[in-house]
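Participant: Here you go, sequence then predicted model.
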Amino acid sequence: MSFSVWLGLLAICCLGAMSPGPSLAMVLRHTLGGSRLHGIVCAWAHSVGIGVYALVTLLGLAVLLKTSPVLFNSIAVIGAIYLIWIGFQALTSKQGMQKKLQAGERTSLWVAARDGLAISLFNPKILIFFLALFSQFVLAAETLSGQAIIVLTPLVVDGLWYTLIAIVLSHSTILPKLRAQAVWIDRLSGIVLIGLGANVLLSLIK
């Protein structure tokens, strides 16, 4: 893989990682509800899911999923239901995050990792992203090292971006202001997650 081709891959991966959505909301929630470390763990667990999709695309399995409506739709439905469930919990919580913050309670690192991984693995839009844009770079990888670069680039870019988000959000001058708005952040996160899940289900009905 040439350097210029890799730069194109890097640019697309950066744009994909920086797009606001449920992943950002999840890292935000665990940073506020736990700590900087919780946010970073959530970030890198999420990046592992991104790496899985990159590997799936590389192996050609993404094409198989796309050409098998039953399998693809099953994954999409499971993912949409999971997103709606998480969103409903956030939307209906009675100052859940705020109470945790005031009481000094934190979710476990395991929960942060689980949510980070699930929010990427159960988001079928990521699969579509790789199918539409990422697959063109697979053809440029003729060696094992090139294939490794294709898998590791989106994984590392995603992990570094959300790690930066967690570090910025947990800064001593920023975190207190965000914590004061914890209830509304919970509500906003819930709306975003439910909206994404509903959008996926509606797209399957059409």
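Facilitator: Noted; the coordinates are in hand. Because the structure is predicted, anything quoted here is derived from the model rather than measured.
Participant: Give me the phi and psi for residue 122.
Facilitator: Main-chain torsions, residue 122, degrees, to the nearest 10: phi -100, psi 20.
Participant: Show me the shaky parts of this protein.
Facilitator: 19-20, 61-66, 93-106, 131-136, 138-142, 172, 175-182, 185, 206 (pLDDT under 70).
Participant: Which residue ranges of it form helices?
Facilitator: 3-18, 22-33, 36-59, 61-67, 69-92, 96-103, 109-121, 124-129, 135-138, 144-169, 175-180, 182-205 (DSSP state H).
Participant: ranking those by burial, who's on top?
Facilitator: Ranked by mean neighbour count, the helices of the chain are led by helix 22-33 with a mean of 24 (mean count of other Cβ atoms under 10 Å). Quick note: C-beta positions are derived from backbone N, CA and C, even for glycine.
Participant: could you give the angle of that one to helix 36-59?
Facilitator: Interaxial angle of helix 22-33 relative to helix 36-59 (axes from the mean of the first three to the mean of the last three Cα atoms, to 10 degrees): 160 degrees.
Participant: So which elements touch helix 22-33?
Facilitator: The contact analysis (3 or more Cβ pairs under 8 Å, 6 or more residues apart in numbering; DSSP states H and E) places helix 22-33 against helix 36-59, helix 69-92, helix 96-103, helix 109-121, helix 144-169, helix 175-180, helix 182-205.
Participant: and of those helices, who's closest to residue 17?
Facilitator: Closest of those to residue 17 is helix 144-169, at 4.3 Å (criterion: Cβ to Cβ).
Participant: can you give me the angle the closest one makes with helix 109-121?
Facilitator: Using the same axes, to 10 degrees: helix 144-169 against helix 109-121 is 120 degrees.
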